[in-house]
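J.: Just a sequence and a predicted model for now, questions to come.
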Amino acid sequence: MPDDGLSEAPGMTLAEVEAVARAAHAGQRDKAGRPYTEHLRAVAEGVRARGGGAELIAAAWLHDAVEDGVLGEEWLAAAPLAQRTKDVVRAVTKRPGEELRAYAERILATPGARLVKAADLAHNADPRRLAALDEPTARRLTAKYAAMREYLGLTTEATADGAASAPTTTAAD
């Protein structure tokens, strides 16, 4: 079995985690009608690009699985995953009726969860994705993502050409 940095043995490799996530979300579409697995891949790549290791990349692949009901808490509890991966998935799983501030506080209290959520928000707020939505939905989601970035202390920095860069966060978050 290749060493992908997941700490518990026997455990799932990143390829196995990806396969489980892809199978669990098979047939699911995002709000713009795109295959949902494209979002999972983008979040996993965003975590990798921000310096996240295998445990956080695994959490990125699974970040919506419990919330969307495609994998249950029972599956997560029994899965041969690092505890950190499980903790991050639980932290980024928004609970029904939960206020954004309480959700953000749980993310901030869980090491690594802020980085996964930053990658998630960056992809969700991508102007190309938002442009595919109807105007009221795009406006509502833009405001929701901005509020969550604020609660999490994610900032944007201007680039040399004046454009806003992605939210700033690192693997230490």
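T.: Great, that's in hand. Numbering: from 1, shown residues only.
J.: For the helix or strand that Arg149 is a member of, buried residues please.
T.: Element membership for Arg149 (DSSP states H and E) is helix 135-152. For helix 135-152, a neighbour-count test (16 or more other C-beta atoms under 10 Å) marks Ala138, Leu141, Tyr145, Met148, Arg149, Tyr151, Leu152 as buried. Where you see a C-beta, it was placed from the backbone N, CA and C, and this is true even at glycine.
J.: Kindly report the same for stretch 120-140.
T.: For stretch 120-140, by 16+ other C-beta under 10 Å, it's Asp120, Leu121, Ala122, His123, Asn124, Ala125, Arg129, Leu130, Leu133, Ala138.
J.: So which of these are in helices?
T.: Within the buried residues of stretch 120-140, residues falling in helices by DSSP state H are Asp120, Leu121, Ala122, His123, Asn124, Arg129, Leu130, Ala138.
J.: returning to what we had before: so what does the helix holding Arg149 touch, helix or strand wise?
T.: Packed against helix 135-152 by the contact rule (3 or more C-beta pairs under 8 Å, 6 or more residues apart in numbering; DSSP states H and E) you find helix 100-108, helix 113-124, helix 127-131.
J.: on that earlier part again, Serialize the ones in helices among the buried residues of stretch 120-140 to CSV and add fields for distance to Ala59 and pLDDT.
T.: Shown next, in CSV, are those (distance: C-beta to C-beta, whole Å; pLDDT from 0 to 100):
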residue, distance to Ala59, pLDDT
Asp120, 10, 96
Leu121, 15, 96
Ala122, 15, 95
His123, 15, 95
Asn124, 16, 93
Arg129, 21, 91
Leu130, 24, 93
Ala138, 27, 94
